[in-house]
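Colleague: Sequence first, then the predicted structure, then my questions.
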2 protein chains.
Amino acid sequence: MNVRVHVRVIPRSGLLDPQGQAIAHALAALGFPGVADVRVGKAIELTVDAVSTAAAEASVRSMCERLLANPVTEDFILEAEPA
Amino acid sequence: MNVRVHVRVIPRSGLLDPQGQAIAHALAALGFPGVADVRVGKAIELTVDAVSTAAAEASVRSMCERLLANPVTEDFILEAEPA
């Protein structure tokens, strides 16, 4: 079965995120008040051919650990749904 | 109330996504078969002070239209949860 997996790779909290700070400042300048704690990372979507949704998630978790995320500086969150 | 909003900004389907193609090739080279249709975009997380989750979502939708996404080349998906 084909499973579509959505991955969010986000800088770990506590680490500096200059891109997030830039967006927070730009939003304030555009007149959006009350925005805080902006973090910017990568959104990756991929279709995996696997026997089950759980198997696809396990496979993508391994991809994140080996390629898609930097385990020292980034956290990743997965969501899988049948494609 | 504080609402944490997760935004995924993804290149529109049909548009070339060289970063996604590079990841697809790298995953195949690492020995992950059966991966297709990789798209790479931005993941943005922000905390918004709003009267309700729906109001926070509406506010972030406006932020996406004005700053966070390029409406010609990118789609965005929002998910909001009470922080």
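Modeller: That came through fine. Numbers count the residues shown, from 1 in each chain, chains lettered A, B, ... in the order given.

Colleague: Just the helices from chain A, written as ranges.
Modeller: Assigned by DSSP state H, the helices in chain A fall at A:18-29, A:53-63.

Colleague: Could you dump those helices into CSV and include mean neighbour count and distance to B:Val60?
Modeller: Backbone N, C-alpha and C define where each C-beta goes, glycine included. Formatted as CSV, the helices of chain A follow (neighbours: other CB atoms under 10 Å in any protein chain shown; distance: least, CB to CB, whole Å):
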stretch, mean neighbour count, distance to B:Val60
helix A:18-29, 15, 10
helix A:53-63, 18, 26
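
Colleague: Distance to B:Ala56 and mean pLDDT added to those, as CSV?
Modeller: Shown next, in CSV, are those (distance: least, CB to CB, whole Å; pLDDT from 0 to 100):
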stretch, distance to B:Ala56, mean pLDDT
helix A:18-29, 13, 97
helix A:53-63, 28, 97
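
Colleague: which one of these lies closest to A:Ala80?
Modeller: Closest approach to A:Ala80 among the helices of chain A is made by helix A:53-63 (4.7 Å; CB to CB).

Colleague: now the angle between helix B:18-29 and that closest one, please.
Modeller: With axes from the mean of the first three to the mean of the last three CA atoms, to 10 degrees applied, the angle from helix A:53-63 to helix B:18-29 works out at 100 degrees.
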